[in-house]
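*Asks:* Kindly return the folded structure for what I paste below:
(one chain, ligands or ions: 2)
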Amino acid sequence: MLDISRHFRDKEFIKKQIDALAKLKINRLHLHLTDAAGWRIEIKKYPQLTEYAAWRPQETWKEWSEGGSNYINGNDPLAHGGFLTQEDAREIVDYAADRFITVIPEIEMPSHSEEVTATFPNLSCGRPGLPDVCVGNPETYLFYQNVLDEILDIFPSEYIHIGGDEASKQAWKECEKCLALMEKENLDNVDELQSYLIHRMEEYLNSKGRNIIGWDEIMEGTLAPNATVMSWRGTEGGIKAAEAGHDAIMSPGGFYYLDSYQDAPPTQPEAISGYTPLSKVYSYNPVPDSLPPHIAEHIVGIQGNLWCEYIPTAQHAEYMLYPRIIAVAETGWTPQEMRNWDNFYSRAVKFNDMLQRNGYHVFDIRGEVGNRREATLDADHLAKGKRVVYNIPWWDRYNANFEKTLTDGKRGGWSYGDGLWQGFLYRGDQRLDVTIDLEKETEIHYIGADFMQIIGPGVWLPAQVTISISDDGENFTEIATIDHQQKATSGLSFKTFSWQGDAKARYVRYVAKSFEGCLFTDEIIVN
Ligand code: ACM
Ligand code: ZN
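*Replies:* Residues are numbered from 1 along each chain as shown. Ligands and ions are numbered 1, 2, ... in the order given. Now for the predicted structure:
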């Protein structure tokens with residue numbers, strides 16, 4: 001999947017990537033054509049979409065989103081952006097077909113649609129520019145059907161991707177039209193309301209001989225009867241869909257999101273987050289033996305995704321794709337028993353070099369730096385293996401090693417999603433607040449923990465850390481307060497919040513607060 005909404009990429013770029021995909025026996029190209037950052041396909045019935053919603057006053061997505069996410073007329077001298085004409089799109093489809101590749105278009109709904117609601121405020125529940133379209137308004141259905149009519153005419157693919165991910169569904173709860181539709185159709189909640197839209201779109205596309213694909217959120221509510229599910233929030237969604245007899249495509253974020261860092265972040269251009277080196281992509285097994293055959297047969301494919309929020313140039317996009325897309329292809333075609341990392345690695349290097357000789361901008365894997373040093377060593381310290389009491393629970397989306405995480409001796413790597421970092425949600429007065437029991441009075445000279453910051457996904461260093469000690473676990477004496485002015489930084493950074501001195505205690509309490517976003521730490525080290 002290539003996202004040409006966040007930064008527009010033209011037909012020459014897309015054809016060049018098709019050449020590489022063909023060499024790798026990748027047989028589908030999913031184009032993410034529409035999103036808040038720009039509508040990228042000409043629709044003759046709605047010229048405003050590409051006269052207005054395809055253009056913005058800022059060049060990069062980051063500047064645009066920090067600058068208020070506004071659009072601008074395409075003929076304004078300050079306009080940045082672009083779109084594929086229908087003629088361009090047909091040329092891409094034909095070029096791909098000649099190389100045995102089917103192009104699958106994605107028209108996002110009901111969310112990721114700020115560009116639609118800004119252009120057509122009547123399709124919004126309230127003010128223009130909301131992320132979700134109004135699903136209570138009959139004009140919304142008419143709009144998408146008209147758009148899809150033109151899309152079907154350009155793209156002959158069996159599958160049409162209709163998005164379905166990350167809808168906020170908030171405005172629907174207060175919209176007269178949405179509430180009226182829920183009442184009329186006996187829909188219990190807003191998940192069912194989203195399902196209603198997806199079902200209607202499926203019916204429409206089925207009536208034209210096509211099938212829908214949606215991101216795994218289309219399972220919230222009631223899954224449309226013939227839908228194929230694209231599993232991106234891990235693999236559970238795909239497995240659940242397969243269990244229900246639906247086809248699924250595996251595209252799990254932790255393995256196949258090629259917008260994540262591919263090497264040590266300090267050596268790389270800014271990325272959205274994550275850490276997915278070539279070896280991690282190659283390690284993915286889409287159909288493990290543990291899956292019973294009736295589920296395995298529904299896993300019909302895999303997909304690598306290049307989202308482009310942080311990828312402003314064509315060169316940068318190629319750099320993120322190559323060599324990792326080589327591993328995507330091989331994990332799709334090569335059964336587990338035939339996998340061999342050393343063999344793959346040497347072929348990937350050669351293939352990458354071949355691409356480079358042919359004018360592609362690749363990442364030279366031979367210079368790979370690797371994971372965060374701490375993550376490659378075992379941390380030995382006085383609190384290792386000791387019991388941790390959570391005075392406030394951790395964030396269950398980022399459990400890591402549950403109550404053992406902060407004293408298990410395992411340090412986190414470059415990604416907060418690597419299962420070694422534990423998350424703490426900032427919500428009101430929520431924070432990290434734990435007490436470690438060292439089991440006996442202990443001489444202590446150091447207490448510290450590392451935190452990560454990557455503000456794109458809302459991960460911040462703490463504003464304040466307080467460290468206290470106690471002999472009885474009830475009466476604590478504060479030994480350090482570390483204030484830190486929270487401020488936005490680019491890319492990924494780490495900071496240790498620690499105390500050094502001389503003390504004696506059995507219990508250590510470590511509290512970290514944030515006023516901006518969530519916190520992630522991997523280990524509380526006591527020496
Ligand atoms: C997605 O990454 N929102 C599908
Ligand atoms: Zn509405």
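
*Asks:* and Glu309, how far is that from Trp64?
*Replies:* 10 Å (C-beta to C-beta, to the nearest Å). C-beta: built from backbone N, CA, C; applies to glycine.

*Asks:* Enumerate the residues of the stretch 101-250 of the chain near ligand 1.
*Replies:* Within the stretch 101-250 of the chain, the positions near ligand 1 by C-beta under 6 Å from any ligand atom are 165-166, 215, 232.

*Asks:* got any ranges where the stretch 301-450 of the chain has weak pLDDT?
*Replies:* Residues of the stretch 301-450 of the chain meeting the criterion pLDDT under 70: 428-430.

*Asks:* let's go with 90 and repeat that
*Replies:* Along the stretch 301-450 of the chain, segments meeting pLDDT under 90 span 426-430.

*Asks:* ranges for the strands of it?
*Replies:* Using DSSP state E, counting those that start in this stretch, the strands assigned to the stretch 301-450 of the chain run over residues 387-390, 422-424, 432-453.

*Asks:* The ones you listed: which one's closest to Gln315?
*Replies:* With C-beta to C-beta as the measure, strand 432-453 is the member of these nearest Gln315 (27.2 Å).

*Asks:* got the CA coordinates for that closest one in CSV?
*Replies:* Only the C-alpha atoms of strand 432-453 are listed here, as CSV (Å, rounded to 0.1, in the frame of the first residue of the first chain):
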residue,chain,number,x,y,z
LEU,A,432,3.2,6.3,36.7
ASP,A,433,3.2,5.6,40.5
VAL,A,434,4.8,2.4,41.7
THR,A,435,6.4,1.1,44.8
ILE,A,436,9.2,-1.5,44.7
ASP,A,437,9.8,-3.8,47.7
LEU,A,438,13.5,-4.6,48.0
GLU,A,439,12.5,-7.2,50.7
LYS,A,440,15.0,-5.9,53.3
GLU,A,441,16.6,-2.8,54.3
THR,A,442,19.2,-2.0,51.6
GLU,A,443,21.9,0.5,51.0
ILE,A,444,21.0,2.5,48.0
HIS,A,445,23.1,4.9,45.9
TYR,A,446,21.1,5.2,42.7
ILE,A,447,17.5,5.1,41.6
GLY,A,448,16.6,5.8,38.0
ALA,A,449,14.4,5.1,35.0
ASP,A,450,14.6,6.0,31.3
PHE,A,451,11.6,7.5,29.5
MET,A,452,11.1,7.9,25.8
GLN,A,453,9.7,10.9,23.8
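
*Asks:* Contact residues of the protein facing ligand 1?
*Replies:* By the criterion of C-beta under 6 Å from any ligand atom, the positions of the chain lying close to ligand 1 are 165-166, 215, 232.

*Asks:* Of these, which is the most crowded?
*Replies:* Neighbours here mean other C-beta atoms under 10 Å. Within the residues of the chain next to ligand 1, the largest count is held by Trp232, at 24 neighbours.

*Asks:* Now Asp188. Nearest residue, chain neighbours left out?
*Replies:* Leaving aside its sequence neighbours, Asp188 sits nearest to Met182 (C-beta to C-beta, 6 or more residues apart in numbering; 8.0 Å).

*Asks:* give the contact list for the one you found.
*Replies:* 136, 188, 190, 192-193 (C-beta atoms under 8 Å, 6 or more residues apart in numbering).

*Asks:* Cool, thanks, talk later.
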